[in-house]
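J.: Sequence first, then the predicted structure:
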Amino acid sequence: MPVVVPGKSTALQPSEHSFPEFPDLLFGVTVEGTSFFDATDYLQKIQSPASVADFFEQYKAPIASLVDSYGIKEDEACMLAPNKHLIVDGNLVYLFISFVQPEFLAYMCDQMQQLFTTGFCVSDTFIYNLAKTRLSKEVLQEIINGQV
């Protein structure tokens with residue numbers, strides 16, 4: 001059965017930032033513990049010509065696979081928030097970002113390649129935060145200046 005867009009109405013209005021790399025992407029969690037993101041708000045903020053309906057239409061097969069794999073109800077994959085925004089199940093977030101920003105898909109493929117070839121991978125944000133907390137300002141400046 002295909003995903004219904006929009007599915008059920010919900011009282012949830014995502015308002016939390018979860019990813020520093022995507023500050024315009026807002027998340028919320030239902031009382032049942034399911035994470036959702038505000039797809040309408042994100043598309044508006046980045047001024048994308050795409051729509052949430054485009055995402056569900058053009059990525060129908062991968063969405064169906066994820067919905068089936070995660071046991072998401074077809075009418076709960078995309079719900080209508082009180083502000084009339086479409087909010088999408090958080091399990092679809094990486095697919096959605098790849099739809100809106102195709103360069104993210106290339107990044108994710110690189111990360112998966114690193115994971116499969118070395119056994120682990122870390123984000124640039126993780127490396128940055130680790131360096132920031134473990135290295136002195138002087139050492140960081142030397143790295144920036146190419147002295148190390």
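T.: That came through fine. Residues are numbered from 1 along each chain as shown.

J.: which stretches of this protein have low pLDDT?
T.: The chain contains residues with pLDDT under 70 at 1-2, 4-5, 148.

J.: domains for it, by residue range?
T.: Following automatic domain parsing, one finds the domains of the chain at 16-100, 104-144.

J.: ok, and the closest non-adjacent residue to Val88?
T.: Distances taken as CB to CB, 6 or more residues apart in numbering put Ala39 closest to Val88, at 4.7 Å, once the chain neighbours are dropped. Quick note: C-beta positions are derived from backbone N, CA and C, even for glycine.

J.: picking up where we left off before, most neighbours per residue, which of the domains of the chain?
T.: With neighbours defined as mean count of other CB atoms under 10 Å, the domains of the chain peak in mean count at domain 16-100, which reaches a mean of 17.

J.: and Phe120, what are its phi and psi?
T.: Dihedral pair for Phe120: phi -160, psi 160, per degrees, to the nearest 10.

J.: what separates it from Lys132, distance-wise?
T.: Phe120 is 21 Å from Lys132, where distance means CB to CB, to the nearest Å.

J.: again with Val3
T.: For Val3, the distance to Lys132 - CB to CB - is 41 Å.

J.: same question, Asp89
T.: 33 Å.

J.: again with Phe99
T.: 32 Å.

J.: Tell me which stretches of the chain form strands.
T.: Taking DSSP state E to define them, one finds strands in the chain at 16-17, 26-29, 35-38, 78-80, 86-89.

J.: With respect to Tyr70, which of the ones you listed lies nearest?
T.: Nearest of these to Tyr70, taken as CB to CB: strand 86-89 at 7.7 Å.

J.: contacting residues for Cys121?
T.: Residues near Cys121 by CB atoms under 8 Å, 6 or more residues apart in numbering: 111-112, 114-115.

J.: nope, Ser48 is what I was after
T.: Contacts of Ser48 (CB under 8 Å, 6+ apart): 42, 100.

J.: Relative to Val139, which of the strands of the chain is closest?
T.: Here strand 16-17 is closest among these (CB to CB), at 29.7 Å.
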